[in-house]
Every structure is written in C-alpha cells, then in structure tokens.
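Engineer: got a predicted model here, sequence first, then my questions.
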Amino acid sequence: MKILTLPNSLVLVFILVFLTSQPVRADMMKSIPLLTQSLGVTESQAKGGTGVIFDHVKQKVSAEDFAQVAKALSGVDSLVDLAPKASDLSRQIGGLSPALGGKSDLTGGMAGVAQRFGKLGLDAGMVDKYVKMILDFAQSEAGTAVTNIIKSSLV
C-alpha cells in the first residue's frame, strides 16, 4: 500500500481547490431546446428572443458585469448577434428622451424588448415567460451572482 507523502497531499489539495474554485461555465445554447419545448416556439424564435433579452442586459449593466455573464454563459454573444435590432425610430426617440428630461431607455426598456419580440412573431406576453426561463437556467447553470446581474437589468 502506498502512503501519500506531504508533497503529494499538497498537490492533491491544490488540484481540488483549483477545480472547485473555477467559475461555473454553462452553454446558453442548451436553453434553446427547453424554450422551444416549453413555450412552443421555433428554434429561431427561441434564439432570437433569448438574444433580445441578453442584448437588453448588455445595454443595462456595466461592461464588466456583462463580461461576467458572457463568461459564465457561453454563447450569449452569438445569441445577441441573432436578435432582431431595435427600429431606427426607437433608437432616435430613445436618444432624444434625455434632452426632453426623460430617461435614455424610454423605448430601450422592456417596451423595446416587447417591440423586438414582435419582429420574431412573438407577442409581448412572451417576454415574461422568456425572462423566467432564462433566469431559471442561469440560476441552475451559472449560479446566483450571474443571475443577480441579469435580474438587475430587468427591474
């Protein structure tokens, strides 16, 4: 029987600490079949809607926070790229609203998300369903810290 020596034990402890301290990394693409099955949407709608939600998150949180989300949930950037873009008029109105004393997210808020869902053939009622499923997936796959970043942008 071989007995572990102190240096071997330290190496084992280091490996265990290293493996358990690595950030959780999940593939956001794994959520797409869950969305299609649970919500009865197409794959294109699932990807586009998820991309819209994460594009909204990207616009609302700091670059550092979004980088943390994208690192923990791989594929987020690809989904954002697949999302339908806000209309030019929405961007122009959103850009003017601070000059009128309003917030810059007048149309870039959740109303803007619903408008972009419409481009996918999804009604505004689907936004809440997507958000719930995305938050549940993020919580189970990436943990509380990442989920809280996402939640903070959806308030």
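Structural biologist: Nice, I can see it.
Engineer: any stretches of this structure with poor pLDDT?
Structural biologist: Low-confidence regions of the chain, defined by pLDDT under 70, span residues 1-25, 88-108.
Engineer: sec struct for the most centrally placed residue in it, please.
Structural biologist: By Cα atoms, centre = their mean, the chain has its centre lying nearest to residue 54, at 4.2 Å. What DSSP: H, G, I helix; E, B strand; the rest coil gives for residue 54 is helix.
Engineer: who's in contact with it?
Structural biologist: When contacts are counted by Cβ atoms under 8 Å, 6 or more residues apart in numbering, residue 54 touches 28, 69, 76, 79, 80, 83, 134. All C-beta spots, glycine's among them, are computed from the backbone N, C-alpha and C.
Engineer: relative to residue 39, which of those residues is nearest.
Structural biologist: residue 134 (11.4 Å; Cβ to Cβ).
Engineer: excluding its backbone neighbours, what's nearest the closest one?
Structural biologist: Nearest residue to residue 134, sequence neighbours excluded (Cβ to Cβ, 6 or more residues apart in numbering): residue 53, at 5.7 Å.
Engineer: how many residues are close by residue 85?
Structural biologist: Counted with other Cβ atoms under 10 Å, residues neighbouring residue 85 total 11.
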